[in-house]
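Engineer: can't give you the sequence, but here's the structure:
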């Protein structure tokens, strides 16, 4: 019996976030649910950013949903992972930092396993 894994990946368009998205896509099996979230405090709707991320996932053989959230980024990402009953939350480590405050809050508050993708 197979079951659908739910993978949530935090995405801001940066090179480290693209690496995290690539890792999430590589981990996803056919039938898994991949959700890409861009959380921000305000500003423009990231329509093109999320469309590009969805296309990237599709090129890696994965169908993805996207979510644009406004508010505290860590809280929005954690809330989505909780609402979606995520099995895995994938976040990027940014160069020159261990796990930044956003990543630290996510690691400690996540309702599921967290994969921190190291920056290259």
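Structural biologist: Looks like it arrived, so ask away. Bear in mind the structure is a predicted one, so any value in this text is a computation, not a measurement. Residues are numbered from 1 along each chain as shown.

Engineer: now do the contacts for residue 27.
Structural biologist: By CB atoms under 8 Å, 6 or more residues apart in numbering, the contact list for residue 27 reads 7, 88, 90, 115. For glycine as for every other residue, the C-beta is placed from the backbone atoms N, C-alpha and C.

Engineer: residue 57 too?
Structural biologist: 21, 24-25, 34, 36, 63-64.

Engineer: those in strands, which ones?
Structural biologist: Residues of those located in strands (DSSP state E): 34, 36, 64.

Engineer: my read: the second one touches residue 51, true?
Structural biologist: No - the criterion here is CB atoms under 8 Å, and residue 36 misses it with residue 51 at 10.3 Å.

Engineer: got any residues that touch both of those two?
Structural biologist: residue 66.

Engineer: among the two, which residue is more densely surrounded?
Structural biologist: Under the criterion of other CB atoms under 10 Å, the comparison of residue 36 against residue 51 puts residue 36 first, with 27 against 11.

Engineer: could you pull out the helices for the protein?
Structural biologist: Remark: helices assigned in the chain by DSSP state H are 15-27, 47-59, 73-83, 101-109.

Engineer: tell me which residues in the shortest one are buried?
Structural biologist: So the one you mean is helix 101-109. 102-103, 105-106, 109 (16 or more other CB atoms under 10 Å).

Engineer: before we move on, the earlier item: now restrict the contacts of residue 57 to buried residues only.
Structural biologist: By 16+ other CB under 10 Å, the contacts of residue 57 give 21, 24-25, 34, 36, 64 as buried.

Engineer: between those, which sits nearest residue 94?
Structural biologist: residue 21 (14.3 Å; CB to CB).

Engineer: name all residues that make contact with that closest one.
Structural biologist: By CB under 8 Å, 6+ apart, the residues touching residue 21 are 9, 11, 36, 53, 56-57, 90.

Engineer: residues contacting the lowest-mean-pLDDT helix or strand in the chain, please?
Structural biologist: In the chain, no helix or strand scores lower on mean pLDDT, DSSP states H and E than helix 101-109, which sits at a mean of 82. By CB under 8 Å, 6+ apart, the residues outside helix 101-109 that reach it are 10, 73-74, 77-78, 89, 91-93, 99, 114, 116.
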